[in-house]
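Engineer: next one to model:
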Amino acid sequence: MGRLLAVLCVALSCSACLRATTVITVRPDGSGLIDQELGMNPQALAMLKGFAGTANEPKGGANLSEIFGPEQAKKMGDEIGARYVSGEPIKTAELEGYRARYAFDDITTLKMKMNQEAAAMPGAPQGNQAEPPFGFDFSQGARSSTLTIRMPQQTPTLSQLTQLPGAAPGSEQNPQALAMAKTMMKGLFVDVALAVDGHVVKTNAPYVNGSRITLMQMDFDKLLENEAALQKLQQTTDPKLLKDIPGLKIVTDPKVTIEFAR
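Structural biologist: Numbering: from 1, shown residues only. Model prediction:
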């Protein structure tokens, strides 16, 4: 998710569309898969290439493969404690990026942080190295398994994701900045979810759809339709006060427990 934060800094500096999704799938024995997708529209990608350029590449900046590709995916796997299994480029008329899959044997050994992917993005600002990772506790029973997720603090990430241009944190947003934000953030979508290989028996997670649990989702197209909600998003530092805002789903409990079975 850290690469997401780094890319958002770029995406918010231009008229850009970015879609980033992460799905962690857990099996009853604690092993599983991670599927990540990151895509940008041509305008955002051109801007990111410019940010990623080096002294050795003064004209063209970085190649696409240096921003989205197997080398970055393999590096990410090493950082989170998972094996890179496969990957493929994503290219449509609207988006261009990369889709990667990882495997892990024990979810409790994963080291996923909110800023995890920042180091993999050439030229991107580095996140806080002291930022705590997600914590995972797992137990396998005779009939069901139980996963507990210890959530990292959401407030710093929320602030980075929702701060609009031209406003200090916690301040009221002026109409001109709101109008600018509607252009700059159009199409921005972030989704982080956990899926279980089986069915959910019991959980305290607020956003459950079958075997899939949303940990964080931001759909800026929906957010931008409601200026009052956007103002609230800008002025609130406590994620618990953001419940029921259209386009925003954030788990605010410090621990999420999921009991599941096949």
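
Engineer: let me know the pLDDT of Val200.
Structural biologist: As predicted, Val200 sits at a pLDDT of 98.

Engineer: is it true that it lies in a strand?
Structural biologist: Yes. The assignment for Val200 (DSSP: H, G, I helix; E, B strand; the rest coil) places it in a strand.

Engineer: roughly how far apart are it and Ile24?
Structural biologist: Val200 sits at a distance of 14 Å from Ile24 (criterion: C-beta to C-beta, to the nearest Å). Where you see a C-beta, it was placed from the backbone N, CA and C, and this is true even at glycine.

Engineer: okay, these two: which has more neighbours?
Structural biologist: Ile24 (27 against 19; other C-beta atoms under 10 Å).

Engineer: where's that one, which helix or strand?
Structural biologist: Assessed by DSSP states H and E, Ile24 sits inside strand 18-26.

Engineer: hmm, who's touching the following helix or strand past that strand?
Structural biologist: Per DSSP H and E, the first helix or strand lying C-terminal to strand 18-26 is strand 32-40. Strand 32-40 has contacts (C-beta atoms under 8 Å, 6 or more residues apart in numbering) with 3-4, 7, 11, 16-26, 48, 68, 73, 76, 80, 82, 85, 90, 92, 95-104, 107, 197.

Engineer: make it 7 Å
Structural biologist: Here strand 32-40 makes contact (C-beta atoms under 7 Å, 6 or more residues apart in numbering) with 3, 11, 16-26, 48, 68, 82, 90, 95-104, 107.

Engineer: so what are the sheet partners of that strand and their directions?
Structural biologist: Partner strands and pairing direction for strand 32-40 (DSSP bridges) are strand 18-26 (antiparallel), strand 96-104 (antiparallel).

Engineer: can you name the residues that contact Gly81?
Structural biologist: Phe104, Thr109, Leu110, Lys111.

Engineer: could I get these as JSON lines with secondary structure and pLDDT?
Structural biologist: Putting the contacts of Gly81 into JSON lines (DSSP: H, G, I helix; E, B strand; the rest coil; pLDDT from 0 to 100) gives the following:
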{"residue": "Phe104", "secondary structure": "strand", "pLDDT": "97"}
{"residue": "Thr109", "secondary structure": "helix", "pLDDT": "94"}
{"residue": "Leu110", "secondary structure": "coil", "pLDDT": "93"}
{"residue": "Lys111", "secondary structure": "coil", "pLDDT": "88"}
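
Engineer: which one, of the strands paired with strand 32-40, ends up nearest to Val190?
Structural biologist: Val190 sits nearest to strand 18-26 of all the strands paired with strand 32-40, at 5.3 Å, using C-beta to C-beta.

Engineer: give me the below-cutoff pLDDT ranges for this protein.
Structural biologist: Applying pLDDT under 70 to the chain flags residues 1-17, 44, 47-67, 113-132, 153-185, 234, 236-237.

Engineer: do you have the strands of it handy? List them.
Structural biologist: 18-26, 32-40, 83-91, 96-104, 135-140, 145-150, 189-196, 199-203, 208-209, 212-219, 248-250, 255-261 (DSSP state E).
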